[in-house]
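> Sequence first, predicted coordinates after that:
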Amino acid sequence: MAVALLTGCSSGFGLLSAVRLAEGGMTVVATVRDLDRDAGLRSALADAGVEAEVDQLDVTDAVSVDRSVEGVLSRHGRIDVLVNNAGVGLQGAVEATTIAQARALFDTNLFGMMRVTQVVLPVMRNQGAGVIVNISSLAALVTNPYSGVYSASKRALEAMCEALHYEVSPHGIRIAVIEPGSFPTAFGLRPCAVGEVAPIYAERMARWNEAYTRLPGRGEPADPARVADAVFEAATDSGFPLRRLVGDDAEMIAALRGSLDDAAFEEAVRGFLDFRD
Ligand SMILES: NC(=O)c1ccc[n+]([C@@H]2O[C@H](COP(=O)([O-])OP(=O)(O)OC[C@H]3O[C@@H](n4cnc5c(N)ncnc54)[C@H](OP(=O)(O)O)[C@@H]3O)[C@@H](O)[C@H]2O)c1
């Protein structure tokens, strides 16, 4: 049985992917950064009638990453699938975001993935096989105002994954990047701490957020299980592409972005959203 290690499984895509991979017959080690927050995961596994090991792993803490990976190896002797899912959001104007906030976000969204990947890669290289599935975002491709730092973290993650793809394929290791659009998980772009300059941006940011809810394709809340299905497919199908958009909004917006130059895309966005300076 394939052994899968996932990060960020207390809720959302991580929780659903852990259940999905277990349903698909894998031995699943679902990790949470705080073991006091595993109740939702345990009840979702029980509801689905499947089992998974629940372990602690904070992607910002190298000691916990080493301990967790060593534990998987001592119990199962291999890791076939790694799902780098843990992530945090942040909403705020670039000028109003502190360097400390940006660093903390990158430490989870980018360096967290790098930290876990660096510990798991030698295992997969020794096996001569493995798959690393990374949860990126449509935000890696299309940057909205007031989420520049989050977008930057996901764009950086994708750049690193693209390089990894070339670097590790000679060792039999596959890289997949999943780019979800907007899904109703617990994930939120938390407003960044209010600094001196934040009020200057507050009114337009609120206007942007309100207008964004009217974007075509955002009527029906999308089903986060679609992302878990994509994770399963990425983990099991050797023909899965390096990148896969998931969500009607993601497909629509990415297609529009790809078909227009910068100025035409900006005009389309401002027109759709009636968002003018
Ligand atoms: N929902 C969306 O619309 C959307 C769209 C595109 C991409 N994404 C991406 O999807 C991924 C999962 O998000 P989600 O939507 O499922 O939201 P979520 O329900 O908030 O899940 C995020 C998970 O990451 C965990 N996490 C945060 N920091 C961590 C750390 N340092 N170490 C380990 N785990 C950590 C959280 O744990 P705690 O419970 O302890 O906080 C939680 O389990 C993220 O990478 C996010 O950027 C989400």
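Great, that's in hand.
> Quickly check: stretch 207-226 near the ligand or not.
No: Stretch 207-226 lies apart from the ligand when judged by C-beta under 6 Å from any ligand atom; the minimum separation is 6.8 Å. C-beta: built from backbone N, CA, C; applies to glycine.
> Contacts for that stretch next, please.
Here stretch 207-226 makes contact (C-beta atoms under 8 Å, 6 or more residues apart in numbering) with 12-13, 16, 20, 144-146, 181-185, 246-249, 252-253, 272-275.
> What of stretch 36-43?
So stretch 36-43 is contacted by 9-11, 15, 18, 30, 32, 52, 54 (C-beta under 8 Å, 6+ apart).
> Recalculate using a threshold of 6 Å.
Stretch 36-43 has contacts (C-beta atoms under 6 Å, 6 or more residues apart in numbering) with 9-11, 15, 30, 32, 54.
> Farthest-apart pair in these, please.
Pairwise distances across the contacts of stretch 36-43 (C-beta to C-beta) peak at 13.2 Å, for the pair S11 and V54.
> How is the closest residue to the ligand within the stretch 51-200 of the chain classified with respect to secondary structure?
The nearest approach of the stretch 51-200 of the chain to the ligand comes at G87, 2.1 Å away (C-beta to the nearest ligand atom). Of the three states, G87 takes coil under DSSP: H, G, I helix; E, B strand; the rest coil.
> Over to A4?
strand.
> isn't the residue of the stretch 51-200 of the chain closest to the ligand right up against N109?
Yes: with contact defined as C-beta atoms under 6 Å, G87 reaches N109; the gap is 5.0 Å.
> circling back: contacts only, for the residue of the stretch 51-200 of the chain closest to the ligand.
So G87 contacts N109 (C-beta under 6 Å, 6+ apart).
> What's the separation between the closest residue to N109 other than its chain neighbours and G258?
Nearest non-adjacent residue to N109, counting by C-beta to C-beta, 6 or more residues apart in numbering: S153, 3.8 Å away. From S153 over to G258 the distance is 22 Å, taken as C-beta to C-beta, to the nearest Å.
> And S136, how close does it get to A152?
For S136 relative to A152 (C-beta to C-beta), the value is 12 Å.
> Also G71?
33 Å.
> tell me the mean pLDDT for the longest helix along the chain?
Counting residues, the longest helix found in the chain (DSSP state H) is helix 148-168. Regarding helix 148-168, the rounded mean pLDDT is 98.
> One more: stretch 97-115?
97.
> Would you indicate which residues of that stretch are buried?
Buried positions in stretch 97-115, judged by neighbour count with 16 or more other C-beta atoms under 10 Å: 97, 101-102, 105-115.
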